[in-house]
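[1] take a look and give me a structure for this.
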Amino acid sequence: MGSNHAHGGAALREGHQKKLLMALALTGIFMIAEVIGACVTGSLALLSDASHMLTDTAALAISLIALQIAKRPADQKRTFGYARIEILASTFNALLLFMVAAYILYEAYQRLLVPSEIATGAMMWIAIGGLFVNLISMRLLSSASSESLNLKGAYLEVWSDMLGSLGVIIAALVIRFTGWSWVDTIVAVAIGIWVFPRTWQLLRESLGGTYGRGTRQSQYCGNRVPDTWSRWGHGGP
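    Below is the predicted model of the structure:
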């Protein structure tokens with residue numbers, strides 16, 4: 001029975017790995033397009049979204065590596081196996097998001113001091129493309145996010161980036177019809193502020209898992225979400 005459970009966990013991780021790989025490819029390719037688009041259009045909001053997409057790419061790559069490492073079995077030195085690596089990866093993802101949010105706020109302040117012209121047409125179409133990429137990635141990660149805190153972190157990052165893409169689309173429309181270029185900066189600031197509370201929650205849950213009790217860690221090695229993380233809505237009482 002233990003063997004069947006182990007094989008079931010391995011198969012589950014393989015499925016997660018394929019979904020992560022697909023999401024990583026989509027996000028990485030479009031991230032490059034957004035960076036180029038931000039430079040061409042002069043949109044800080046688009047640049048903010050591109051920066052967040054860069055974080056998504058890094059987070060997905062880290063999650064993929066963590067899943068590979070977590071496949072290794074427990075030994076005498078690592079009583080609970082390597083699955084704790086996934087928890088550490090989600091902690092790193094949260095810290096990375098904090099840094100990106102701070103960078104966005106700094107760039108927004110600079111833009112308020114020195115406004116620039118924005119090509120709203122290209123800005124809007126690029127943001128629409130980013131929205132579709134995020135929706136596809138969310139679809140790929142939605143089911144897997146309920147099985148792993150690490151994948152939950154990756155899903156939340158893509159989810160918040162999707163909201164950022166919506167904000168960029170709205171900003172492009174407002175600027176196009178009103179000429180209020182400052183809206184671009186406001187949306188960029190909103191994206192940065194939006195990241196902080198959700199990242200803090202992810203960091204708290206990650207640290208809770210890192211310093212959790214051994215019994216809960218052993219459950220996690222079997223791909224069950226620990227009780228410590230039940231606040232995500234996926235754990236048992």
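[2] chain neighbours aside, what residue packs nearest to residue 117?
    Distances taken as C-beta to C-beta, 6 or more residues apart in numbering put residue 42 closest to residue 117, at 6.0 Å, once the chain neighbours are dropped. The C-beta positions use only the backbone N, C-alpha and C, and glycine is treated the same way.
[3] next one: residue 19
    Spatial nearest neighbour of residue 19, excluding adjacent residues (C-beta to C-beta, 6+ apart): residue 140 at 4.4 Å.
[4] and for the helix or strand hosting that neighbour, what's in contact with it?
    Residue 140 is part of helix 120-142, with elements assigned from DSSP states H and E. By C-beta atoms under 8 Å, 6 or more residues apart in numbering, the list of residues contacting helix 120-142 from outside reads 19-20, 22-23, 26-27, 30, 33-34, 37, 40-41, 43, 45-46, 49, 53, 56, 151, 154-155, 158-159, 161-162, 165-166, 168-169, 171-173, 175-176.
[5] how about that helix as CSV, C-alpha atoms only?
    Coordinates of the C-alpha atoms in helix 120-142 are reproduced here as CSV (Å, rounded to 0.1, in the frame of the first residue of the first chain):
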residue,chain,number,x,y,z
THR,A,120,-1.3,53.6,-26.2
GLY,A,121,-2.3,51.4,-29.2
ALA,A,122,0.7,49.1,-29.0
MET,A,123,0.5,49.2,-25.2
MET,A,124,-3.1,47.9,-25.2
TRP,A,125,-2.5,45.1,-27.7
ILE,A,126,0.6,43.8,-25.9
ALA,A,127,-1.3,43.9,-22.6
ILE,A,128,-4.2,41.9,-24.2
GLY,A,129,-1.6,39.3,-25.3
GLY,A,130,-0.2,39.1,-21.8
LEU,A,131,-3.7,38.7,-20.4
PHE,A,132,-4.3,35.6,-22.6
VAL,A,133,-0.9,34.1,-21.6
ASN,A,134,-1.8,34.5,-18.0
LEU,A,135,-5.2,33.0,-18.3
ILE,A,136,-3.7,29.9,-20.1
SER,A,137,-1.0,29.6,-17.4
MET,A,138,-3.6,29.9,-14.6
ARG,A,139,-5.6,27.2,-16.3
LEU,A,140,-2.6,24.9,-16.4
LEU,A,141,-1.7,25.5,-12.7
SER,A,142,-5.1,25.7,-11.1
